[in-house]
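Trainee: The following block contains a protein sequence and its predicted model.
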Protein chains: 2
Amino acid sequence: MPDFGRFWFTGGVEADVITTNTGSPGELLRLLRDGRPRTRAELVVETGLARSTVRARLDSLLDAGLITDGGNGASTGGRPASRLVFNARAKIALAAEVGATHATIAAADLTGALLATDKLDLDIAEGPESVLPLLITAWRELLRASGLDQLPLAGVGIGLPGPVEHSTGKPNNPPIMPGWDGYDVPARVAADLGVPVLVDNEVNLMALGEHATCFPHAQDMIVVKVATGIGSGFISNGALHRGAVGAAGDLGHILAPNGGDAHCRCGNTGCLEAVASGPAIAAKLHASGLDAQTSADVVALVRAGNLEAGQAVRQAGRDIGDVLAACVSMFNPSLIVVGGSVALAGEMLLAGVREAIYRRSLPLATENLAIVPSQAGIDAGVLGAATMVVQHALSPAVIDHQLTG
Amino acid sequence: MPDFGRFWFTGGVEADVITTNTGSPGELLRLLRDGRPRTRAELVVETGLARSTVRARLDSLLDAGLITDGGNGASTGGRPASRLVFNARAKIALAAEVGATHATIAAADLTGALLATDKLDLDIAEGPESVLPLLITAWRELLRASGLDQLPLAGVGIGLPGPVEHSTGKPNNPPIMPGWDGYDVPARVAADLGVPVLVDNEVNLMALGEHATCFPHAQDMIVVKVATGIGSGFISNGALHRGAVGAAGDLGHILAPNGGDAHCRCGNTGCLEAVASGPAIAAKLHASGLDAQTSADVVALVRAGNLEAGQAVRQAGRDIGDVLAACVSMFNPSLIVVGGSVALAGEMLLAGVREAIYRRSLPLATENLAIVPSQAGIDAGVLGAATMVVQHALSPAVIDHQLTG
């Protein structure tokens, strides 16, 4: 067939996001973020830009400390050319994953790698004016204790246990967060820390964390959290799908085929959360005379080899799989990642999920579908929060704005 | 709070797609595609680029016929400056929506507007070697009859009634298309027409057509087609979500809460399609002694005021809404568009859909959700196919490749 050049086969939507390198400082930095040291001459070849342009852009990145001298390249006869390399320690990203009763906080470098972490107890129901100062104090203490307090901050990322309007950082009618609805979280935190603050739902950030650190090549994936509640985060075309009001991924309140008339805390009946969450499984076991109230109790019973607990977790997996089967038909993901405290029970949960998905989905949609346990583990949420900050702070638009006004 | 510039509040993912204008011909064309005539001086101001750069880029677009002289601008004292305007008739996009027994074909300009359309009968089961030559002959005749055959072609867009691997244009295990699996549709069509050929699932293209022509500002929307089968197309973050193997949007084979043990042609039981498609509704009415076999029969009965037919369509709407309620919880769309031949029955279907979605979804997710009938109507598929071609052919990457090598 005729040769239409390398773009002939590219669909229209994707083609619109292919951009040529303008040689702006931000776009040169995007190249260097892979961590490979390059000489100025190599960057001229790689970008096709004028030598003088590349030199000027690199100088501004060097001045900002975002790249540094990374040793000498191979000599080509004369003086060996120095290599430039991305400086991942130029700034620190602060991150927090906030739950109902505790938070995990972290300081990360500009690759999103965690340099220091800590945990603190809190009560989300005490409201933002009480909780946010606790976080700010804890971050400052973490920076001091880890000797990172001399480095500038790139920004702050916060995951909250409810829907968040990402563009403003304001929680949107969060059911378990009294006092937070519409509260300007970025303004409150930025007033103390003086850097950009990004906020999102914590399950979205789990998905971002799994995607960025463990599955960067997955274009379409679902990350499921099974804990006190059941939620999910969804990556579409390589980016988080947040939905119209930040409420996407609400797996827990979908009608479970096996949901019957189980009462849910949302006021409806038959919700997935009412039959397959940690407390729902515990309630079933408790009714059978076992000592179980929380996800942790359920996991402990399964790990101790209790048959009834194992069966209950497997059935919860089937119930979750029944609902995920609909999501597989709609999204056609290549990957489903299952995490959260109930997932610590191990293979029992995953086996139930797989069983139901394979029973209900078309073969085409499951042919190349992987269903795996969380790889990022309990740090997925803070990793996602740190990734969100880094993606923002190092985006070409932000870098160019900072360096060229 | 501190001023972080206009980008401080932008989430990381979105910030990565903000690009500065490089002044490449393709990016200048992107500006001009809004149809507003501009003088060279106005373009210099708008882009911030050097006058000589803008002049050279515009010359290459003028040479290619993609922009033309659009009359004079306001005089600023001296000779009035000529205005340049996008030439939507520079090239023609060919489009087809192919169904099981017929196709709609069209020729469109570079805004995606349809200039000429036609319909033809075919049998998709006769395979690509039979069907594609029919399309090619019909397109050529359409161009001749409408006097458009002197204009160059921008490309060809084809919607097929099955899953398509969009990157290669090959159907992927399509259930109702014997002989098409893995067939290189773009190569076959390009061998005759000599231009890029893009292929996608026809319901995806319905979604693209509705989005591009009627709801360009909807970032997250679902377009549902209720006809012989039930399918959907999903726009996420403003772009089509096609899924890992092009199988996304398969609403019809999700378990319907009301599906019972109804047998589906896919081999499973209880699928939405087995209870709510046109033939499924017709079969119910037929069993009650009414003369109904197809979607058209059902619609005719409803329009004639038959109560039983109206009730059956409304129940089908509820069944579809039950499944869509799960999609609303997962996607949080701002818009659901309902089309397809059964939707011609009117408000009965939509009323059922709305009833079920509002009963099952969380208030936050439905607060700003609009559920509307198809606006693009029966041309949605070809409009989407034309849009796919135009988005590709006018993308900066393709334009720059053509004009600068």
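Mentor: Ah, there it is.
Trainee: Can you give the distance of stretch A:132-143 from its chain's centre?
Mentor: Relative to its chain's centre, stretch A:132-143 lies at 21 Å (C-alpha atoms, centre = their mean, to the nearest Å).
Trainee: And for stretch A:379-397?
Mentor: Taking mean C-alpha positions (C-alpha atoms, centre = their mean), stretch A:379-397 and its chain are 8 Å apart.
Trainee: quick one: contacts for the spatially most central residue of chain A?
Mentor: When C-alpha atoms, centre = their mean is applied to chain A, the residue found nearest the centroid is A:Leu208 (2.3 Å). A:Leu208 makes contact with A:200, A:233, A:235, A:240, A:383-384, A:387-388, according to C-beta atoms under 8 Å, 6 or more residues apart in numbering or on different chains. Using the backbone N, CA and C atoms, a C-beta is placed for each residue, glycine as well.
Trainee: Just the ones of these in strands?
Mentor: A:200, A:233, A:235, A:240 (DSSP state E).
Trainee: Make CSV out of the residues you listed and add pLDDT and neighbour count.
Mentor: Below are these laid out as CSV (pLDDT from 0 to 100; neighbours: other C-beta atoms under 10 Å in any protein chain shown):
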residue, pLDDT, neighbour count
A:Asp200, 97, 28
A:Gly233, 97, 31
A:Ile235, 97, 28
A:Leu240, 95, 27
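Trainee: Is there a neighbour count for the residue lying closest to A:Pro178 once chain neighbours are set aside? I'd like the number.
Mentor: Among residues not flanking A:Pro178 along the chain, A:Ala125 sits closest, at 5.3 Å (C-beta to C-beta, 6 or more residues apart in numbering or on different chains). Residues within reach of A:Ala125, counting by other C-beta atoms under 10 Å in any protein chain shown, total 14.
Trainee: Name the helix or strand for the residue nearest to the centre of chain A, please.
Mentor: helix A:202-213 (DSSP states H and E).
Trainee: Please state the offset of that helix from the chain centre?
Mentor: On C-alpha atoms, centre = their mean, the centre of helix A:202-213 falls 2 Å from that of its chain.
Trainee: Average pLDDT for that helix, rounded please.
Mentor: Here helix A:202-213 scores 96 as its mean pLDDT.
Trainee: Over to stretch A:334-343?
Mentor: Rounded mean pLDDT across stretch A:334-343 is 96.
Trainee: Endpoints of that stretch, how far apart?
Mentor: In stretch A:334-343, first residue to last residue: 20 Å (C-alpha to C-alpha, to the nearest Å).
Trainee: Does it reach chain B?
Mentor: Yes: using C-beta under 8 Å from any C-beta of the partner chain, stretch A:334-343 reaches chain B at A:Ser334.
Trainee: quick one: that stretch to chain centroid distance?
Mentor: That offset, for stretch A:334-343, works out to 13 Å (C-alpha atoms, centre = their mean).
Trainee: Mind putting the contacts of A:Leu208 into a markdown table with distance to chain B?
Mentor: Shown next, in a markdown table, are the contacts of A:Leu208 (distance: C-beta to the nearest C-beta, whole Å):
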| residue | distance to chain B |
| --- | --- |
| A:Asp200 | 8 |
| A:Gly233 | 11 |
| A:Ile235 | 10 |
| A:Leu240 | 6 |
| A:Leu383 | 13 |
| A:Gly384 | 10 |
| A:Thr387 | 7 |
| A:Met388 | 5 |
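Trainee: Please convert these to JSON lines, extending it with distance to B:Leu58.
Mentor: What follows is those, written out as JSON lines (distance: C-beta to C-beta, whole Å):
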{"residue": "A:Asp200", "distance to B:Leu58": "42"}
{"residue": "A:Gly233", "distance to B:Leu58": "45"}
{"residue": "A:Ile235", "distance to B:Leu58": "40"}
{"residue": "A:Leu240", "distance to B:Leu58": "38"}
{"residue": "A:Leu383", "distance to B:Leu58": "47"}
{"residue": "A:Gly384", "distance to B:Leu58": "44"}
{"residue": "A:Thr387", "distance to B:Leu58": "41"}
{"residue": "A:Met388", "distance to B:Leu58": "40"}
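Trainee: Closest one of these to B:Val195?
Mentor: Nearest to B:Val195 among the contacts of A:Leu208: A:Ile235, at 33.7 Å, using C-beta to C-beta.
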